[in-house]
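Trainee: have a look; sequence and predicted model below, questions after that.
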Amino acid sequence: MSNPQQLRYSKEHEWLSAVEDGVATVGITEFAANALGDVVFAQLPAVGDTVTAGESCGELESTKSVSDLYSPVTGEVVAANQDVVDDPALVNSAPFEGGWLFKVKITDEPEDLMSADEYTAFAG
Amino acid sequence: MTEAPRRTALDALHRALGATMTDFAGWDMPLRYGSERDEHVAVRTRAGLFDLSHMGEITLTGPQAGRALDFALVGNLSALAVGRARYTMICDAAGGILDDLIVYRLADEEFMVVANASNAQVVLDALTERAAGFETAVRDDRENYALLAIQGPESPGILKSLTDADLDGLKYYAGLPGTVAGVPALIARTGYTGEDGFELFVAPADAEKLWQALTDAGADAGLVPCGLSCRDTLRLEAGMPLYGHELTTATTPFDAGLGRVVKFDKEGDFVGREALTAAAERTAAKAPRKLVGLIAEGRRVPRAGFQVVADGQVVGEVTSGAPSPTLAKPIAIAYVDAAHAEPGTQGVAVDIRGTHEPYEVVALPFYKRRR
C-alpha cells in the first residue's frame, strides 16, 4: 500500500490533508483500515465539537473490535462525513478519499506529525 | 504464553494469499484473507474454504472403545453407527463442560474424537485417564491430520467434481473414508457455519495439494478462502455455541440449553452423572439464565462480557456478539434471566460502554438455511 505524499500522518494512524483556509480533512490510513477489518459502524464527532490532538473523538467498530478515533490536531469540527456514517465500508474501500471522516478548523497542531515516508517506515 | 505459535501445513499458502494471521489457542491461523464480510457472504451464497488444522483429533481403538467413550463423555457413543458422527460433550465430575466435541465412528472398534484446539490437551488427558480401565488405546492424532472445510451451498457440487465418493448418500453428521483429488481423506458432512458442507481430514503432507485442487475446482462457483473471523460470525448467526464463550467449566450442558446431549439412559456410569442429574432437576424446576439471541435496534456492536440490562437492573451477560452480515444488524448471544428471556420481551438493552442500547430478544438461531 502507498501513503499519499501530500498528507501528514499521526502515530494513531490518522491522516491530515493539506490545510486550506485553516481547515484540514482527517481520515484513517489504509494500514489502519486493514488492521481493523470491515468497519461496520462509525461514530464521528459532530459539527461544532472541539477536538484535541491525540484525544479520542469518536469510534470505529469492526467485526472483531471497537477502536477509538483520535484527532491528529486540535480545533473545531466543521464537517463530518455522512457518507461514512451511512456506509462505513467506505473507510475500507477508500480510506484516503471517499472514506474521509471529518474536517477540522485547526487551532493547534502537534509537532510530531509525520511525512508519508516517515509514516510508511513507522507503520512498517 | 511465550512459546512460538504453531503453524499448520498450509501456513506458507496462507501467507502467499496475503492472509491476516492471528494467534488462536497457540496456533497462527488465518483471520481473514480480504474482507471478512465478503467471506461470510460467500459461504452463505456460494462456497468458502477453511483451514481448521488447529482442531485436535484423538483416536480410540479396541473392543471397548465405545464403552470407554460412554463412560468418559455425556453421550451414548457405543450406540453410534459406523460412518456416523455425533455432537457431544465431555464434563468434569461437577458437571462442568470441559469441551464440546464431534465424535466419528470410523469402524466397529475405532472412534475419532475432534476437540477444540484450546481444549485438546485437556480432552486428551481426560480421555487417557478415563479410558484406563477399558480395553482401548487412546492415540493423540493431532500431528497426523490436517483439516480442511468446504462450506456453502455450492460445496457439494465442487467436491463431487473431485471424488468418486457417494456424497449424495452422505448424510449430515456422517463421515466416510474416500479419495479427494487423489488424496486419501475422511470425508465428513459436518461444519460450523449453518450451511451444507464438508470437513476433510487428510495427512498434513497432502493438505496443500487438496487445498489447491478445491480452489481450482471451486473457482467458477465463486469459492473463496475464508478465515476464522467469518467462521465466528457464521456460527453466531447459526446459533452455535463456542467453547470459552457460551460453554465453560462453570456451565453444565443444561445451563446452556443443551441438556439433550446428556444420555442418562445409557448403560453404565459416566463421569458427571450425579452432578448432571442434579443440574437437570435444578434447571427443570426453575430455569436460571437462558441462552437467547439479541438483535440490535441500533448499530453499535455488543461484545462478550457486556451486561444485559432491563429496568435499570443487570439481567444477563453477552457471551458472543458481532455485526451480522446476513441481518445487517449487530447480534449477540447472551445468558439472560428467565424473566426477560422470552422472545419479544420488551425493554431489554445491552450496556455498550455506558449507553443502554435497545435490543430485541429472539429465539436462536438467527439464521437457518433453506433446505
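Mentor: Alright, I've got the coordinates.
Trainee: check contacts around whichever residue of chain B sits closest to chain A.
Mentor: As assessed by CB to the nearest CB, chain A sits closest to B:P323 within chain B, at 4.1 Å. Using the backbone N, CA and C atoms, a C-beta is placed for each residue, glycine as well. Neighbour list for B:P323: A:D38, A:V40, A:F41, A:E61, A:T63, B:T233, B:V301, B:K329, B:P330, B:I331 [criterion: CB atoms under 8 Å, 6 or more residues apart in numbering or on different chains].
Trainee: mind redoing it with 10 Å?
Mentor: With contact set as CB atoms under 10 Å, 6 or more residues apart in numbering or on different chains, B:P323 has these partners: A:38-41, A:61-64, A:88, B:36-37, B:40, B:233, B:236, B:296, B:299-302, B:329-331.
Trainee: in helices, which of the residues you listed fall?
Mentor: If you go by DSSP state H, the contacts of B:P323 have B:E36, B:R37, B:H40, B:T233, B:L236 in helices.
Trainee: quick one: secondary structure of the spatially most central residue of chain A?
Mentor: Among the residues of chain A, the smallest C-alpha distance to the mean C-alpha position (CA atoms, centre = their mean) belongs to A:G27, namely 2.4 Å. State at A:G27, reduced to three classes by DSSP: H, G, I helix; E, B strand; the rest coil: strand.
Trainee: for the closest residue to B:D265 other than its chain neighbours, grab phi and psi.
Mentor: The shortest distance from B:D265 to any residue other than its chain neighbours is 7.7 Å, reached at B:N76 (CB to CB, 6 or more residues apart in numbering or on different chains). Listed backbone geometry of B:N76 is phi -100, psi 80, with angles given as degrees, to the nearest 10.
Trainee: what sits against the residue nearest to the centre of chain A?
Mentor: Contacts here follow CB under 10 Å, 6+ apart; on that basis A:G27 touches A:7, A:13-17, A:33, A:69, A:72, A:81, A:84, A:90-91, A:94-102.
Trainee: cutoff 6 Å now
Mentor: Shown here is A:G27, whose contacts under the criterion CB atoms under 6 Å, 6 or more residues apart in numbering or on different chains are A:W15, A:P95, A:W100, A:L101.
Trainee: which one of the residues you listed is nearest to chain B?
Mentor: Checking the contacts of A:G27 against chain B with CB to the nearest CB, the nearest one is A:P95 at 13.5 Å.
Trainee: spell out the residue ranges of the helices in the chain.
Mentor: With no chain named, the answer covers chain A. All helices of chain A, identified by DSSP H, fall at A:30-36, A:82-86, A:90-93, A:116-123.
Trainee: hmm, I had chain B in mind actually
Mentor: So, for chain B - with DSSP H - the helices run B:11-16, B:36-45, B:65-72, B:120-130, B:155-160, B:207-218, B:228-237, B:273-285.
Trainee: any chance of those helices in TSV, plus distance to chain A?
Mentor: Written out in TSV, the entries for those read as follows (distance: least, CB to the nearest CB, whole Å):
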stretch	distance to chain A
helix B:11-16	15
helix B:36-45	5
helix B:65-72	35
helix B:120-130	24
helix B:155-160	23
helix B:207-218	22
helix B:228-237	6
helix B:273-285	33
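Trainee: turn those helices into TSV, including mean neighbour count and mean pLDDT.
Mentor: Conversion of the helices of chain B to TSV gives the following (neighbours: other CB atoms under 10 Å in any protein chain shown; pLDDT from 0 to 100):
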stretch	mean neighbour count	mean pLDDT
helix B:11-16	16	98
helix B:36-45	23	98
helix B:65-72	24	98
helix B:120-130	18	98
helix B:155-160	20	98
helix B:207-218	19	98
helix B:228-237	25	98
helix B:273-285	15	95
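Trainee: residue at max distance from the center of chain A?
Mentor: If you look at how far each residue of chain A sits from its centre, by CA atoms, centre = their mean, the farthest one is A:K64, at 19.7 Å.
Trainee: re the thing from before, and the closest residue to the residue of chain B closest to chain A other than its chain neighbours, what does it touch?
Mentor: Closest residue in space to B:P323, ignoring its immediate chain neighbours: A:V40 at 4.1 Å, by CB to CB, 6+ apart. Contact analysis of A:V40 by CB under 6 Å, 6+ apart lists A:E61, A:P88, B:P323.
Trainee: now A:D49
Mentor: A:D49 makes contacts with A:V77, as judged by CB under 6 Å, 6+ apart.
Trainee: from chain B, how far out is the residue nearest to A:L90 when sequence neighbours are not counted?
Mentor: What sits nearest to A:L90 in space, not counting adjacent residues and going by CB to CB, 6+ apart, is A:G99, at 4.1 Å. Note on A:G99: its distance to chain B, by CB to the nearest CB, to the nearest Å, is 14 Å.
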